[in-house]
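>>> next one to model:
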Amino acid sequence: MCGICGIWKFGNITDEDKDLVRLMNKEQAHRGPDDEGIYYNANVVLGHRRLSIIDLTSAGHQPLCYKDRFWISFNGEIFNYIELREELKKNGYCFDTNSDTEVICAAYRSEEHTSELQSRSVI
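All right, here's what the predicted structure looks like:
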């Protein structure tokens with residue numbers, strides 16, 4: 001099971017916030033031995049420890065950026081992601097990974113498919 005952590009603030013993220021998320025990420029290394037990632041901007045720092053299950057390639061790295069707009073750190077599984085992915089493709093969506101995480105972002109963007117996500121997850 002992957003590990004996720006982060007800080008979100010109304011004010012600006014500091015170097016101390018980034019260091020704290022790096023420390024949290026290190027402390028949960030046992031939850032995701034396959035990969036780790038950190039993303040930050042002015043108001044958020046996301047940390048992710050990855051246990052590769054669905055997309056075993058480096059394309060499944062998280063936090064994941066979708067279409068230069070959405071960032072996500074996800075732990076869970078979307079059970080119907082293959083079917084939902086095919087329907088989204090028919091509606092013009094393109095995918096760069098084989099991960100269910102990217103499907104979450106596309107479904108969120110489409111809004112009409114958000115309710116179709118069948119999951120046991122923490123987003």
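>>> alpha carbons only for contacts and neighbour counts from here, please
OK.
>>> show me the helices in this structure, by range?
With helices called from DSSP state H, the chain shows them at 15-27, 81-90, 100-110.
>>> let me have these in TSV, extended by mean pLDDT, distance to Gly47 and mean neighbour count.
Shown next, in TSV, are these (pLDDT from 0 to 100; distance: least, CA to CA, whole Å; neighbours: other CA atoms under 10 Å):
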stretch	mean pLDDT	distance to Gly47	mean neighbour count
helix 15-27	97	6	16
helix 81-90	91	23	16
helix 100-110	87	15	21
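>>> any idea which of the ones you listed gets closest to Ile53?
With CA to CA, the closest approach to Ile53 among the helices of the chain belongs to helix 100-110: 10.3 Å.
>>> residues in contact with that closest one: which ones?
With contact meaning CA atoms under 8 Å, 6 or more residues apart in numbering, helix 100-110 is reached by 54, 64, 66, 70, 72, 74, 77-78, 81-82, 84-85, 88, 93, 95, 113-114, 117.
>>> now the angle from that helix to helix 81-90?
Here the directions of helix 100-110 and helix 81-90 differ by 50 degrees (axes from the mean of the first three to the mean of the last three CA atoms, to 10 degrees).
>>> tell me how many other residues surround the closest residue to Tyr39 other than its chain neighbours.
Leaving aside its chain neighbours, Tyr39 sits nearest to Leu46 (5.2 Å; criterion: CA to CA, 6 or more residues apart in numbering). By other CA atoms under 10 Å, 23 other residues sit near Leu46.
>>> can you tell me which of the contacts of helix 100-110 are in strands?
With DSSP state E as the criterion, strands contain 64, 66, 70, 72, 77-78 from among the contacts of helix 100-110.
>>> hang on, the earlier thing: may I see the helices of the chain arranged in CSV, with distance to Pro33 as well?
Output for the helices of the chain, formatted as CSV (distance: least, CA to CA, whole Å):
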stretch, distance to Pro33
helix 15-27, 10
helix 81-90, 24
helix 100-110, 18
